[in-house]
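1. need a 3D model of the following:
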Amino acid sequence: MNDLSHRMAELARDLDGTRGTVDTAEHAVRAAVETMPSCAGAGLTLLHRDGTLETVAATDDAVLKGDRLQYELGEGPCVQAIRDDAVVHSPDLAADSRWPRWVEQVVPDLGARSMLAVRLWTRRDDIGALNLYSTEVGGFDHDERETALTLAAHTAVAIAASSDIDDMHAAMERRTRIGAAIGIVMERHGLTQPVAFEVLRRLSQEQNRKLHDIAGEVVEGGRLTDG
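-> The predicted structure follows:
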């Protein structure tokens, strides 16, 4: 096994061992800079269910600014990778006519000269994109693009798994909060558990708010509120 293959195998194990979406994303962007000589900075974009894009990890502020500018303008390698082409490579941003508004700002202001964006996806979902920036014209040759594809594949699977973990933890926290609120209502008002739950449920319906939000206020304030 050559050095790169060994490094990618280690990376796959490391990503599998991470916990949580942000932790996984931060690990991936650091790995991109470490494994690709052309890569001066990396960011990881998540595609949310409502269609919005968010950079959840970036190696530096320049990457964060470059990514956010793409979202604001609705154009750029990352946006194109998520919406159209799974792999978007620009060896010379200054000569690239695909994203004129974005290029005219990132080249002089951020020093970006070439870029590679790779969609993160699984058989179930499109997750986002891995965005790699270079300060060199001609950055990301064939070997580095292959490395980026491998990294993106491992990262997509790891993020999908960590998202499931995040969702599970959030659900557990909501159930715990509701249970604690039921206990408070039972104690303060002398109610049985089913009646206390029904009080919270009706309050949720009347205020058109989620039950776990009502429960959170009860837990924090120690009493029911009428909104």
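2. for the residue positioned nearest the centre of the chain, what are its contacts?
-> Nearest to the geometric centre of the chain sits residue 46, at 3.6 Å (CA atoms, centre = their mean). Applying CB atoms under 8 Å, 6 or more residues apart in numbering, we find residue 46 in contact with 21, 25, 53, 54, 55, 56, 127, 128, 159. Any C-beta I mention is one placed from the backbone N, CA and C, and that applies to glycine too.
3. mean confidence score for the helix or strand harbouring the last one?
-> What it means is residue 159. Element membership for residue 159 (DSSP states H and E) is helix 142-189. Per-residue pLDDT values over helix 142-189 give a mean of 77.
4. can you check stretch 66-84 too?
-> The average pLDDT within stretch 66-84 is 96.
5. can you give me the first-to-last residue distance of that stretch?
-> Separation of the first and last residues of stretch 66-84 by CA to CA, to the nearest Å is 19 Å.
6. residue ranges of the helices in this structure, please?
-> Assigned by DSSP state H, the helices in the chain fall at 3-16, 21-35, 61-73, 77-83, 100-110, 142-189, 193-207, 211-221.
7. make a markdown table from the ones you listed and add mean neighbour count to it.
-> Output for the helices of the chain, formatted as a markdown table (neighbours: other CB atoms under 10 Å):
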| stretch | mean neighbour count |
| --- | --- |
| helix 3-16 | 14 |
| helix 21-35 | 21 |
| helix 61-73 | 19 |
| helix 77-83 | 23 |
| helix 100-110 | 16 |
| helix 142-189 | 17 |
| helix 193-207 | 15 |
| helix 211-221 | 18 |
